[in-house]
Every structure is written in C-alpha cells, then in structure tokens.
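**Student:** any chance you can model this:
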Amino acid sequence: MAINKFADMRENEIKSMFQKIDPTKSPIYGRNRISRSASHTIPHTPSGAKIPDFVDWRTAGIVTPVKDQGENGTCYAHSAVGAFESQLAIHSGKTVPLSVQQVVDCTSEFGSNTPYKAYEYIIFSGLTTEALYKPRVNYTKGHCDYYVKTVYGKAYAFGILKPGDEQALQEAVATIGPISVCIQCPKGFWFYKGGITDDPNCKSDLITVDQCVLVVGYGTDTKTKQDYWLVKSSSGENWGEDGYVRMARNKHNQCAIATLASYPVITRV
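**Tutor:** Numbering: from 1, shown residues only. Below you'll find the predicted structure:
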C-alpha cells in the first residue's frame, strides 16, 4: 500500500470521481459476444505464431510516457489513444504523443465512454498530436478545436479480441503491440505501490469493468514464478510502479483483463 494522491480517500470516494464505463454501449454485449451491428469492428484472429515468454513494449520505444487523467473519467480515451500511438509508432518508426484532449472534447456524438467511442472518432476524423492540441487541467471537457489539416494519423477499423481469452490477449500483445483493455479494479488498486495484484474476488464479468488501461507486456516474476500482465495506467508516474501495475495473469481472466480487449487498425501516418 502506498501513500499517494489517493491516500486520504476511501475507495468508494475515488471511484465516484471516475465515470463508470458503460460496457452495454460496446460492440460486446449479452453473453460476451461480438455485435454484428457494430461498425468498423474486426474480430481478431490469432496468427498462430510462436510467441515469447516475456514482452515489454516499452523497451522498443513505442510506448509514450504515462499521463495523469486527474479527477475525470477519461480513462477510455487514454487507453484507446495509447494503443493508437503505439500502432503508429510500430508502423512509422516515430513515437509521438497524441491528443487525448481531442478525444475528450470531440466525441460527444459517438456514444458512451468506452475505447470504441474513441476508435470510432479516430476512424471518422483522425487524431492530431498533443503538442498541437494540448491537454487542459485534469483533461476537463471543452470546445472541440479539431482542424483537419493537423491530423497526424487515422484508423480504418479496430480489432476485437475474443472476450475472456487470456491466451488470445497474450498472442495479440506479442504480435500486434499494446492492447487496450477495461478492467474491474482489484481491492486496494488505487493504493497500489508495487508487486503483482492478485484478488480472487475480482470479477471477470463484462458489466463489472470500471477502468480502462493499456496492456504493454506480460511475463513471469522470477522470484514468485507468478504470471503477470504489465499494464500502463493513466494515474500519473507517481502511482504504482512508475505509473504501471502488474496484474495476475492466467487466473481465469481475473479482473476482466481479457473481457474488453481491442486495438486500432491504422491506415496511414
């Protein structure tokens, strides 16, 4: 447990600061099936390639620094934009921070706050850089200042992984890159300092997810031999392990880590 910006608050107070993710507005619904009516979605097909036992995309230089979303429910935007930044970096060789604020400001007509909302906007309008569309304090929503000539990149679709399949998520992280996921926060999550979170009571149901993050790798702890996911937060670099958390892997989809997993499919830079 850590003394951090959440230390003087109860967990229910912390959660009240963040907008609840509404998974019923995502392309996955009912019995965790992909909606045929969802636009721009591509069911992910595993490549079958042999994958390594350890992946950390930070070492490849394609993950941007951890941001701090403040006291607003913008985790969905941070998660989706993080995945998009990495895809553009993998394909272009340039890692450029993109504008989370643009997604927050300009997506009112694109539905509820899930990464899919951000993807639909990125497909429709494209995204500019953080340098050209700067963040407000706590990413507070404001007027949409989108200007087409400043677009840095677009997506034409987004891939949806089989809900609840940790092996599919592992393969996607290894072969595609960082993957956007939405989780149920495990007990004590906001006061996390280090190590691997392992909460057997953390559910895997779609309806329980309340925070979107970015899986940038996976591995096995050398001392405990426990498998983990390496997850980038949007709680700032002073939270957790420099803004990251390691979450239990291969524990029956603990905390719904693989329930709402996706990635953007890019078209150009």
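
**Student:** going by neighbour count, list what's buried in stretch 164-173.
**Tutor:** By 16 or more other Cβ atoms under 10 Å, the buried positions in stretch 164-173 come out as 164-166, 168-173. C-beta coordinates here come from the backbone N, C-alpha and C atoms, glycine included.

**Student:** could you export it as CSV, CA atoms only?
**Tutor:** Only the C-alpha atoms of stretch 164-173 are listed here, as CSV (Å, rounded to 0.1, in the frame of the first residue of the first chain):
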residue,chain,number,x,y,z
GLY,A,164,-12.3,-13.6,-21.7
ASP,A,165,-9.5,-15.4,-23.6
GLU,A,166,-6.2,-14.6,-21.9
GLN,A,167,-4.2,-16.7,-24.4
ALA,A,168,-5.7,-14.6,-27.2
LEU,A,169,-4.7,-11.4,-25.4
GLN,A,170,-1.2,-12.7,-24.8
GLU,A,171,-0.8,-13.6,-28.5
ALA,A,172,-2.1,-10.1,-29.5
VAL,A,173,0.2,-8.3,-27.2
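
**Student:** just the strands in the stretch 101-250 of the chain please.
**Tutor:** Assigned by DSSP state E, counting those that start in this stretch, the strands in the stretch 101-250 of the chain fall at 154-160, 179-183, 196-197, 211-220, 227-232, 244-248.

**Student:** and which of the buried residues of stretch 164-173 is nearest Val151?
**Tutor:** In terms of Cβ to Cβ, no member of these lies closer to Val151 than Ala172, at 26.3 Å.

**Student:** quick check: that closest one touching His44?
**Tutor:** Yes. Under the criterion of Cβ atoms under 8 Å, Ala172 makes contact with His44 at 6.2 Å.

**Student:** shared neighbours, these two?
**Tutor:** Common contacts of Ala172 and His44 (Cβ atoms under 8 Å, 6 or more residues apart in numbering): 159, 161, 263.

**Student:** one step back: can you put the strands of the stretch 101-250 of the chain in TSV and add distance to Thr74, mean neighbour count and mean pLDDT?
**Tutor:** Output for these, formatted as TSV (distance: least, Cβ to Cβ, whole Å; neighbours: other Cβ atoms under 10 Å; pLDDT from 0 to 100):
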stretch	distance to Thr74	mean neighbour count	mean pLDDT
strand 154-160	18	20	93
strand 179-183	13	28	96
strand 196-197	22	19	96
strand 211-220	9	24	97
strand 227-232	14	24	98
strand 244-248	18	23	97
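
**Student:** nearest to Arg58, of those?
**Tutor:** Evaluated with Cβ to Cβ, these place strand 211-220 nearest to Arg58, the distance being 6.1 Å.

**Student:** tell me the strands beside that closest one, with direction?
**Tutor:** Within its sheet, and counting by DSSP bridges, strand 211-220 is paired with strand 55-56 (antiparallel), strand 179-183 (antiparallel), strand 227-232 (antiparallel).

**Student:** would you list the ones you listed in a markdown table and tack on distance to Gly153?
**Tutor:** As requested, these are exported to a markdown table (distance: least, Cβ to Cβ, whole Å):
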| stretch | distance to Gly153 |
| --- | --- |
| strand 55-56 | 23 |
| strand 179-183 | 16 |
| strand 227-232 | 19 |
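
**Student:** brilliant, that's me finished.
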